[in-house]
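Colleague: Give me the fold of what follows.
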Amino acid sequence: MTSVHGVALVTGGGAGLGRACALTLGRQGASVAVHYRQSRDGAEALVAALKEVGADAHAFQGDLTRADDVTSLVDAVSGRFGPIDILVNNAGDLIERKPILEMSEQLFHAVMDVNVTSTFLMCRAVGPGMVARKSGTIINVSSLAAWNGGGPGAGAYSTAKGAIVSFTKALAKELSPHGVRVNCVAPGLIGDTAFHGRFTAPAAFENAAKSVLLGRAGTPDEVATVVAFLASSDSSFLTGETIEINGGMNMR
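Modeller: Predicted coordinates:
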């Protein structure tokens, strides 16, 4: 079993992938800071679940599209736990399905902000501490949409997730001389998440699952296992990589 040490900050940790990542990291030995923007009840329930498995955990609120909120979040986490060793940039959203030619500038920028700007701001805030200690690992969350352009009305979302893949490579180049690793996961069709509950009709989800080579949708835990691997010393020779977790739905 993978063993994870240190303080992990998981953004968007109140439900779905974030919740699974936080629980897996906690079970494997990390102290876990659970970030949420609006889902306080979900974050607090997750903290309780983490404590039940013996992990030190606490919930923190913040709007990750605002630089001052990000600074306050990182300061609060560091004050509660100490230096952040693992950053999981899970926060993100489609917001709304809208064809590109019908999309407002406001919606486009909102999608970029919640996915890309939040990742940039979090890395900029946490990275200097990791560089100073010459240790740390950052795991960004992209999507299968980064490779295939996304489903109907998900053009801005797929663009944002593609940017995260490139950002991961760029940051890995900058931080690798300082002992900090930066990697990314790109989940495919994953069930039991708010994303598909909000944006994908059940029939469409079932049809998509049929196109997965393994014949089913993935689970949040199957993504979290890979995140924990990237957070551990088991992946010590990996940086700048994006691991696709899609059951063979997309092979390149």
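Colleague: Which helix or strand in the chain has the lowest average pLDDT?
Modeller: helix 194-199 (a mean of 68; mean pLDDT, DSSP states H and E).
Colleague: so how far is the following helix or strand past that one from its chain's centroid?
Modeller: Per DSSP states H and E, helix 194-199 leads on to helix 202-210 as the next helix or strand towards the C-terminus. A distance of 24 Å separates the centroid of the chain from that of helix 202-210, by Cα atoms, centre = their mean, to the nearest Å.
Colleague: If you count neighbours, what's buried in helix 202-210?
Modeller: 208-209 (16 or more other Cβ atoms under 10 Å). For glycine as for every other residue, the C-beta is placed from the backbone atoms N, C-alpha and C.
Colleague: ok, now stretch 181-199?
Modeller: Within stretch 181-199, the residues scored as buried using 16+ other Cβ under 10 Å are 181-190, 192-196, 199.
Colleague: residue ranges of the strands in the stretch 1-150 of the chain, please?
Modeller: Using DSSP state E, counting those that start in this stretch, the strands of the stretch 1-150 of the chain run over 7-10, 31-36, 57-61, 86-89, 136-141.
Colleague: I misspoke; the intended subject was the stretch 151-252 of the chain.
Modeller: Under the criterion DSSP E, counting those that start in this stretch, the stretch 151-252 of the chain contains strands at 180-187, 242-245.
Colleague: Can I get the ones you listed in CSV including distance to S236?
Modeller: Converted to CSV, the strands of the stretch 151-252 of the chain look like this (distance: least, Cβ to Cβ, whole Å):
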stretch, distance to S236
strand 180-187, 8
strand 242-245, 15
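Colleague: Indicate which one of these is closest to T117.
Modeller: Nearest to T117 among these is strand 180-187 (16.5 Å), distances taken as Cβ to Cβ.
Colleague: Each with direction, which strands does that closest one pair with?
Modeller: Sheet pairing here is set by DSSP bridges, and for strand 180-187 it gives strand 136-141 (parallel), strand 242-245 (parallel).
Colleague: now those strands in TSV, with distance to R19, mean neighbour count and mean pLDDT?
Modeller: Written out in TSV, the entries for those read as follows (distance: least, Cβ to Cβ, whole Å; neighbours: other Cβ atoms under 10 Å; pLDDT from 0 to 100):
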stretch	distance to R19	mean neighbour count	mean pLDDT
strand 136-141	13	26	99
strand 242-245	16	18	98
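Colleague: Save the ones you listed as a markdown table, and put in distance to R40 too.
Modeller: Supplementary listing: the strands paired with strand 180-187 in a markdown table, determined by distance: least, Cβ to Cβ, whole Å:
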| stretch | distance to R40 |
| --- | --- |
| strand 136-141 | 21 |
| strand 242-245 | 29 |
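Colleague: Contact partners for A76?
Modeller: Contact partners of A76, counting by Cβ atoms under 8 Å, 6 or more residues apart in numbering, are F60.
Colleague: ok, now how distant is it from T137?
Modeller: Distance check for A76 against T137: by Cβ to Cβ, to the nearest Å, it reads 21 Å.
Colleague: How about the contacts made by the closest residue in space to T137 that isn't next to it in sequence?
Modeller: Using Cβ to Cβ, 6 or more residues apart in numbering and skipping the chain neighbours, the partner closest in space to T137 is R181 (4.7 Å). Under the criterion of Cβ under 8 Å, 6+ apart, the contact partners of R181 comprise 136-138, 172, 175, 230, 235-236, 238-239.
Colleague: Of the residues you listed, which is the nearest to A110?
Modeller: The closest of the contacts of R181 to A110 turns out to be I138 (Cβ to Cβ; 23.8 Å).
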